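A.B. asks: Generate coordinates for the sequence data below:
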Amino acid sequence: MEISGGLTTIIPLAYLASAVLFILGIKRLSHPDTAAGGNRLAAVGMLLAVIATLLERGLDYTWIIAGVAAGGLIGAIMARTVKMTAMPEMVAVFNGFGGAASGLVAVGEYLRVSGAETLAIDSGVSIMAGTLIGAVTFSGSMIAFGKLQGFVTGNAISNPLVKFSAGFLLAVALGLAVYLIGFESNLLFYWGLIAAALVLGILFVIPIGGADMPVVVALLNSYSGLAAASAGFVLENNALIISGALVGASGLILTGIMCRAMNRSLANVLFSAFGTGAATAGRAADGDRVATPIEAEDSAMVLGYASRVIFVPGYGLAVAQAQHRIRELADLLTERGVAVRYCVHPVAGRMPGHMNVLLAEANVPYEQLCEPEDVNPDMENIDVAVVVGANDVVNPLARDDPSSPIGGMPIIETDRAKTCIVIKRSLSVGYAGIDNPLFYLRNNRMFFGDAADALARITEEVKQL
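C.D. replies: This next block holds a predicted model:
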């Protein structure tokens with residue numbers, strides 16, 4: 001469609017405005033008080049980019065409106081029905097759908113130009129990159145969803161055949177992509193590239209254990225952005241290139257943050273099959289250590305007459321959906337004059353910021369949240385540290401045993417608090433597959449049971465003080 005003179009000027013300005021709104025939106029996501037506004041800014045930017053694209057391309061609005069209506073309905077239903085505890089699974093699905101959408105754009109473009117003898121280098125690279133990254137992101141995200149949901153084993157699968165197959169398929173996929181760019185079009189080879197990329201995505205995520213899911217989710221989010229940027233190059237759409245690059249860059253930055261929080265390299269996360277080691281779940285190998293249990297009444301006494309209390313949430317909090325219970329107990333302690341804070345480890349939960357999302361749903365004041373480096377130097381002055389469903393992020397072996405699978409990982413040093421109460425269903429190991437000496441320390445008490453029920457019982461006892 002021929003663009004009028006006015007639109008020739010307006011459309012680039014609209015793309016520029018949308019890019020600015022994307023950047024401002026991401027910036028405002030850095031603080032809970034501005035995050036909702038940041039989401040709205042980014043949404044307005046995307047709407048502006050979509051309108052500009054429709055005007056530029058002169059597309060049939062019938063299918064566009066139908067797609068917007070269907071997608072909006074699905075989104076509204078998910079927003080209303082998906083619980084905050086299921087956010088990791090939904091993020092994984094969204095990453096997969098984003099990769100699939102970008103991959104389908106590349107597929108459509110290849111089918112459109114497949115009659116030509118050879119692809120132009122620039123468009124060919126964009127199409128093949130979009131196809132490969134999009135397919136890997138889709139299948140990998142579906143496996144991540146299965147691991148998070150429990151359909152696929154959450155254990156790391158250490159198998160030389162898996163590693164060899166992944167390497168072989170990567171070489172095949174890259175070889176097919178280079179051939180399809182440099183030689184005449186071949187639909188059979190192109191479908192082979194898609195199949196190899198889909199299987200590669202599966203083999204990419206299967207070997208990764210549940211402990212590393214936050215890193216995987218962040219990395220797949222980055223992949224979805226890179227796929228979108230590739231689709232932008234395919235369509236020659238600046239807004240899509242910019243938005244995809246922003247998502248890709250932010251995902252890579254977040255991946256780096258997660259790796260630093262575990263003191264591990266990305267290569268180690270992807271290829272070490274972390275969490276496959278066997279461990280005893282209960283007593284140590286020498287049989288001399290015994291965990292000391294505690295009940296609600298004694299827990300309430302310790303907490304109710306403390307001066308400083310810190311809560312450490314973990315994945316068990318999400319499983320029990322106990323975020324509102326922990327807020328209720330914290331509010332009750334605050335009313336009694338207890339100074340309460342929540343210490344959140346960067347990799348606690350199943351996705352980046354998982355615990356922050358849950359605590360935000362319970363309207364926990366942002367100023368009460370802190371990070372390990374904020375509280376560890378002062379941990380010896382904390383009267384009570386309450387660990388709710390966490391394990392590896394409070395395991396002293398990370399600090400004390402360099403040979404441990406989690407050796408060197410920064411932890412929340414609750415073992416140095418005056419008293420530590422661990423709320424957990426059992427003495428079972430965490431995702432790292434190793435025993436936790438914290439459970440057997442003299443200053444630690446184990447409250448066995450469901451986190452929501454345990455916190456409710458403690459709260460009732462505190463009310464009686």
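
A.B. asks: what pLDDT does the most centrally placed residue in the chain get?
C.D. replies: Against the mean C-alpha coordinate of the chain, by Cα atoms, centre = their mean, the closest residue is M351 at 2.7 Å. Note on M351: pLDDT of 79.

A.B. asks: separation between it and F94?
C.D. replies: 11 Å (Cβ to Cβ, to the nearest Å). Bear in mind the C-beta positions are built from the backbone N, C-alpha and C, glycine included.

A.B. asks: just V105 next, same as before
C.D. replies: Taken as Cβ to Cβ, the span from V105 to F94 is 17 Å.

A.B. asks: out of these two, which sits in the busier spot?
C.D. replies: V105 (24 against 17; other Cβ atoms under 10 Å).

A.B. asks: May I ask which helix or strand of this protein has the lowest mean pLDDT?
C.D. replies: helix 266-271 (a mean of 75; mean pLDDT, DSSP states H and E).

A.B. asks: hmm, who's touching it?
C.D. replies: 163, 204, 207-208, 212, 215-216, 219, 255-256, 259, 262, 274 (Cβ atoms under 8 Å, 6 or more residues apart in numbering).

A.B. asks: Which one of those is nearest to I157?
C.D. replies: P207 (5.1 Å; Cβ to Cβ).

A.B. asks: Make sure the closest one is actually in contact with F164.
C.D. replies: No: using Cβ atoms under 8 Å, P207 makes no contact with F164, being 11.7 Å away.

A.B. asks: neighbour count winner among those two?
C.D. replies: P207 (21 against 11).

A.B. asks: Okay, now the unreliable bits of the chain?
C.D. replies: For the chain, applying pLDDT under 70 flags the ranges 1-7, 115-118, 154-156, 158, 210-211, 271-288.

A.B. asks: Which strands or helices does the longest helix seen in it pack on?
C.D. replies: Ordering each helix of the chain by length in residues (DSSP state H) puts helix 121-149 first. Judged by 3 or more Cβ pairs under 8 Å, 6 or more residues apart in numbering; DSSP states H and E, the packing partners of helix 121-149 are helix 87-113, helix 160-182, helix 187-205, helix 213-235.

A.B. asks: Return the set of buried residues in stretch 193-202.
C.D. replies: Buried residues in stretch 193-202, counting neighbours by 16 or more other Cβ atoms under 10 Å, are found at 193-194, 196-202.

A.B. asks: can you give me how far it is from the chain middle?
C.D. replies: 22 Å (Cα atoms, centre = their mean, to the nearest Å).

A.B. asks: Give me the contacts around it.
C.D. replies: Identification of contacts with stretch 193-202 by Cβ under 8 Å, 6+ apart yields 103, 107, 128, 131-132, 134-143, 165-166, 169-170, 172-173, 176-177, 180.

A.B. asks: of these, buried ones?
C.D. replies: 103, 107, 128, 131-132, 134-143, 166, 169-170, 172-173, 176-177, 180.

A.B. asks: circling back: which one of the buried residues of stretch 193-202 sits closest to R80?
C.D. replies: G201 (30.0 Å).

A.B. asks: A79 and S141, how far apart?
C.D. replies: 19 Å.

A.B. asks: So the nearest residue to P372 once chain neighbours are set aside: helix, strand or coil?
C.D. replies: Nearest residue to P372, sequence neighbours excluded (Cβ to Cβ, 6 or more residues apart in numbering): I412, at 4.8 Å. Assigned with DSSP: H, G, I helix; E, B strand; the rest coil, I412 falls in the coil class.

A.B. asks: correct me, but I412 touches N395?
C.D. replies: No: I412 lies out of contact with N395 (Cβ under 8 Å); the separation is 9.8 Å.
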